[in-house]
Every structure is written in C-alpha cells, then in structure tokens.
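1. coords please:
(chains A, B, C and D)
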Number of protein chains: 2
Amino acid sequence: MTRMTTPLILKLEQRDQLSDDEKRALDNAISRVRVVEADEDIVREGDRPNESSLLLDGFAARYKLVSNGRRQISALHVAGDFLDLHSFLLKTMDYGVLALTTCRIATVPHATLEKITDEFPHLTRMLWLNTLIDGAIHREWLTAMGRLSATAHMAHLICELYLRLKVVGRAEGDSVQLPITQAELGDTLGLSTVHVNRVLQELRKEGLIRFQGDALTILDWERLKKVGEFTPTYLSLQNEDR
Amino acid sequence: MTRMTTPLILKLEQRDQLSDDEKRALDNAISRVRVVEADEDIVREGDRPNESSLLLDGFAARYKLVSNGRRQISALHVAGDFLDLHSFLLKTMDYGVLALTTCRIATVPHATLEKITDEFPHLTRMLWLNTLIDGAIHREWLTAMGRLSATAHMAHLICELYLRLKVVGRAEGDSVQLPITQAELGDTLGLSTVHVNRVLQELRKEGLIRFQGDALTILDWERLKKVGEFTPTYLSLQNEDR
DNA sequence: TAGCCGCACTCACATATGTTTATGCTTGAG
DNA sequence: CTCAAGCATAAACATATGTGAGTGCGGCTA
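-> Down below sits the predicted model:
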C-alpha cells in the first residue's frame, strides 16, 4: 500500500514497529500537500506556524543568518524528515528552512499533533524520537565542526547523508543524488566555498568518492568512514521497542 | 513547598504552567539521588541506561572523544537539566556525560517515563519540549561555531549560560558562579586553551566581563550581547500553552 | 611549613583555512 | 544559436587560530 507518508514510515519503522492504526493516524494527520520551488523559504525564522511540515520529496536546509550576511546551515533534510516538528512545542521558529531543490511538502496541523499526543502514546514517543535523532545529528555535527579537520568533516557528512538517503530508499548501490552546491556545503560545514572545493578534490584524489554534478558515488566506504571518523550509532538505525 | 525537582520545575514553569498533579508526578518519578564527584563520568558513551539523570546541583558536560585524544563538549548542564532524557528513547548513549563539579543527581527510571507518556499527555509534551530546547541550543552553538569569530562565540556562550543560570535561581545580580576551566571552555567552543585565554583577555579588556576564579560578572550586558550576536529566542523563555 | 600540582597566562612560531580575483564550463532563457 | 548566470576551479596572498614550551601563582596535602 502506498501512502503519502511512505518515506516517514520507512524512517520510523527502521527504529521500531508501527501498528496499522498508527500508520493510519499519520496519514490522516496530513491536511494538504504543497510544492515549494528551489531557493524559496519553506518556513522563516521568527514565524509561529500552526502546522508542521513533512518533506515528501526533495532537499531542504535549516539555516540561520548572521551579521555580514553569513549563513550557517544547521541541518540538511531529505524525504521523510520533518522540517519543523519543533514548532509544535517551541512555538516560535528559531531557524528558517530553505528549499534546496523543488520540494513536495505535507502539512500537519499542530492541533492534530496534540490529538496524537492525547491518544497515541507510542506514536507520540516515535515522533519525539524523531526530534531526538535530529538532536543527535546536531551533536555529531558539533563534534565534527569543533574537532575534525575540514576534510574529515566533509567525509563525515558524506557518510551520514549516504546512510540517511539509503534508509528512505534514495540510494542506488553506492550512489545517491545530492543536489547541493559547494557554497551550500560550505555553509553546512562552516567553511568557505574555496576550501570546500579543495577538500572535495582531496577526497576525489584519494579515490574515496566521485562527485560529478549531483551524482555522488562512494568509491571506498571503509576508508571514507575512517577518514571521517564516522560511526553511525547516533543515527539510531536499530529496531527496538521504544 | 520545597521539592527535589525544584530547579526542573522552575525551568519548566518558565515555559508553561504545570498542574499540581504533574508536579507530584515529577517528584514521584525520582527513584534515588546520588552524588558524583568532579571529573567522574555520570554516563558513558555506548551505555544503555534504563534510567535518566536529572541534575539537581552542580555543573556537567556532554562530550564526545575523537581520535588523537581530542574532546568536544556538545552541551553544558546546570541545575534543573536532564543529562540524558534522550536515552529513554534513543536507548544507546551517543555521548558521555562528565561531572565538571561535584554533582547531585536524581534518577528517573525509564519505566516511569513511559508511564508518564501513557498517563500525562501535557507533562509528556513538557518533557519533549525540554529535549527540543536542548536541540535549539545545539543549533545555536553550531551557528556560533561555524560562522562567528572565537571572541563572538565566547561572548555568545557567556550570555547563554548567564540566562540559563538565572532561570533556575543561580544568578546573583550580574554575577554567576561558573566553575569551568579554560581547557573545558576550549573543548566547548572548539578552540585551543591558549586561544580561549586570548579571547577572555579581550572580553575583559573591552570591559564586557570580569572572570576571576569561578566568579563571572557581566559588566556590560548590552555590548556583550552585541559582540556575541546573542538573541535569546532559541531558549524559549516565554510562558505559553504547550 | 614545604612542596607539588593544576591552572592561568605568555611568547615565538606554524599552519589550516579565509579572501580576492579571475577563468572557463554548463545550462537555461530568449 | 547566443548570451547571461551560476557554478566549479585556480592561484596568490592574508590571517585567525593552533602548537609547543615555559613561567608563576595559589591552594592542597603531607
């Protein structure tokens, strides 16, 4: 059975089983679907939305602006990710969300989320878990940014994105489509565009990846993991009772 | 009425009202209290605890180790903070927690948390909120680390810690006790100890702070905020229906 | 009271990464 | 078919921050 929420369900079922009732509740939670074009804002910092956005297709980034026009991307999102489940409880957006490509987005009213917390304790825990994984990724990025070299940090990010895309069925063998510019990668890693370019060349020269246009191929997973000091524990890919 | 959970309740009630039932449920959730000495681990990376730790008193840090013995601190915790509420759903600790000072710690069994999610939907949302604020702080740190100068980053951290300590009644006027070494600050900001020293001197020379021993005093809040590009929105200090 | 140890602090020097500017693809619009 | 725009790439140079080694203070501990 194909549902609107297929990528989200894939993501959650990787971590724990969902009952049919729960899956139905998720599907029914969607009030509408919209399309946002690349480079448009999906939500803006400071907004107080009364619904949360679930990314069905495309790539999006959470970001903050800083003085002198600099930008930091604090999360990259793929199909199946909630972009601002936080706003359900945080109320005010502490970051903006930008479409990196054309995005298909499902909308879930906060009132519906509240009803889920009243009626579906286990599903509530799974949505909570979803935000906890976001947090775990943030911690991992902090560590990579603070204590790894630029090259290692890039390798780490590539490992993570590859696995996350694979979970939602967006990998083909060792390859994924990664429609992200080097400037955007720089804003993600806290690097200049020029240095992103240097670092990518190095990973290519070492025979670890191929990256032409949008097509990213992992050529040597083991060595890439090692260079990026990547251990996937923080992604909670295990299926367990939660 | 004085409760074990006073600092936690202060923290939560800053964000939304709690009923007496909910406060009682929190207090009853504590199964025991223990003391951990400075420099000891409270939880270790890779552990699978069946209880979560609530910090009643003292300072603690979440950290990860990286090759060549480097360390990154991804969170600093004060009284009222949960140190690993995450482990309730993430199961495996993706980071360790270290006592920076002697810490008094209350223990909440995961089974009790699960019962709370079954019986107290609003309290569940407040605990969820608590982890969402952790996440918002992570995003803010990512932005500061990636796009601010070392000096601005330090100023930002000081602003944040001052406000968080104030919320739980640990500030006296413009001063707080901050028993953190410069090496630990370096591991927090992703800087070397030497550079932490340089940056602190600069903030002192500019007349923004005094920092002698453990005693930190904010001398010019407005300018410190400006230097650190600090806006407290992400701390969700507003009281709202959640 | 002596001595040790952790910590703040300094200096000289090293380097990873940033900045500026420029070139040439590739692609989409007209 | 042509042009403009966006993007990856490059080289030369600038600088924020790291490294390594050392000093001295203050507070425990014997």
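2. can we go C-alpha only for contacts and neighbour counts from here?
-> OK.
3. so what's the residue in chain A that DNA strand C sits nearest to up against?
-> Per C-alpha to the nearest atom of the strand, the residue of chain A with the smallest distance to DNA strand C is A:Leu191, at 3.3 Å. Contacts were defined as C-alpha atoms under 8 Å, 6 or more residues apart in numbering or on different chains; by that measure A:Leu191 touches A:Ala150, A:Leu185, B:Gly146.
4. any idea which helix is longest in chain A?
-> When secondary structure is assigned using DSSP state H, the longest helix within chain A turns out to be helix A:121-147.
5. kindly export whichever helix or strand comes after that helix (C-alpha atoms) in CSV.
-> Of the helices and strands lying after helix A:121-147 in sequence (DSSP states H and E), the nearest is helix A:150-167. As requested, the backbone C-alpha atoms of helix A:150-167 are provided in CSV (Å, rounded to 0.1, in the frame of the first residue of the first chain):
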residue,chain,number,x,y,z
ALA,A,150,37.8,20.2,7.2
THR,A,151,38.5,17.1,5.1
ALA,A,152,37.4,14.7,7.9
HIS,A,153,34.3,16.8,8.5
MET,A,154,33.3,16.6,4.8
ALA,A,155,33.9,12.8,4.8
HIS,A,156,31.7,12.5,7.9
LEU,A,157,28.9,14.5,6.3
ILE,A,158,29.0,12.4,3.2
CYS,A,159,28.8,9.2,5.1
GLU,A,160,25.8,10.4,7.1
LEU,A,161,23.9,11.7,4.1
TYR,A,162,24.5,8.5,2.2
LEU,A,163,23.1,6.4,5.0
ARG,A,164,20.1,8.6,5.6
LEU,A,165,19.2,8.6,2.0
LYS,A,166,19.6,4.8,1.8
VAL,A,167,17.1,4.4,4.7
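6. for helix A:150-167, enumerate the helices and strands it packs against.
-> helix A:121-147, strand A:175-177, helix A:182-189, helix A:193-205, helix A:221-227 (3 or more C-alpha pairs under 8 Å, 6 or more residues apart in numbering or on different chains; DSSP states H and E).
7. thinking again about what came up before, do the longest helix of chain A and DNA strand C meet?
-> No: shown here: helix A:121-147 not in contact with DNA strand C (C-alpha under 7 Å from any atom of the strand), separated by at least 8.6 Å.
8. okay, angle between that helix and helix B:121-147 too, please.
-> Between helix A:121-147 and helix B:121-147, the angle formed by their directions is 20 degrees, by axes from the mean of the first three to the mean of the last three C-alpha atoms, to 10 degrees.
9. residue contacts, A:Leu65?
-> Counting by C-alpha under 8 Å, 6+ apart, A:Leu65 touches A:Arg71, A:Gln72.
10. mind giving me the domain split of chain A?
-> For chain A, automatic domain parsing gives the domain ranges A:6-139, A:149-235.
11. so for B:Asp21, which of the ones you listed sits nearest?
-> Between B:Asp21 and the domains of chain A, the shortest gap by C-alpha to C-alpha is with domain A:6-139, which sits at 16.6 Å.
12. of the contacts of A:Leu191, closest to A:Leu8?
-> Sorting these by distance to A:Leu8 puts A:Leu185 at the head of the list, at 24.7 Å, by C-alpha to C-alpha.
13. for the residue nearest to the spatial centre of chain A, give its distance to chain B.
-> Centrality entry for chain A: nearest residue to the mean C-alpha point is A:His77, 2.7 Å, by C-alpha atoms, centre = their mean. The span separating A:His77 from chain B equals 14 Å under the rule C-alpha to the nearest C-alpha, to the nearest Å.
14. deepest in the core, which of the domains of chain A is it.
-> Taking mean count of other C-alpha atoms under 10 Å in any protein chain shown as the contact definition, the stretch among these with the greatest mean neighbour count is domain A:6-139, which reaches a mean of 19.
15. could you pull up the mean pLDDT of that domain?
-> Per-residue confidence for domain A:6-139 averages out to 97 on the pLDDT scale.
16. so is that domain next to DNA strand D?
-> No: for domain A:6-139 and DNA strand D, the contact criterion (C-alpha under 7 Å from any atom of the strand) is not met; the two come no nearer than 8.8 Å.
17. who wins for proximity to chain B among the helices and strands packed on helix A:150-167?
-> With C-alpha to the nearest C-alpha as the criterion, chain B lies closest to helix A:121-147 of the helices and strands packed on helix A:150-167, at 4.1 Å.
18. angle of that closest one against helix A:150-167?
-> Put simply, helix A:121-147 runs at 160 degrees to helix A:150-167, going by the same axes, to 10 degrees.
19. rewinding a little: assign the residue of chain A closest to DNA strand C to helix, strand or coil.
-> Secondary structure state of A:Leu191, per DSSP: H, G, I helix; E, B strand; the rest coil, is coil.
20. now it: how far from B:Thr217?
-> Computed with C-alpha to C-alpha, to the nearest Å, the distance linking A:Leu191 and B:Thr217 is 33 Å.
21. ok, A:Gly228 next?
-> On the measure of C-alpha to C-alpha, A:Gly228 and B:Thr217 end up 40 Å apart.
22. returning to what we had before: distance to B:Ile73 for the domains of chain A - can I get that in a markdown table?
-> Below are these laid out as a markdown table (distance: least, C-alpha to C-alpha, whole Å):
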| stretch | distance to B:Ile73 |
| --- | --- |
| domain A:6-139 | 9 |
| domain A:149-235 | 16 |
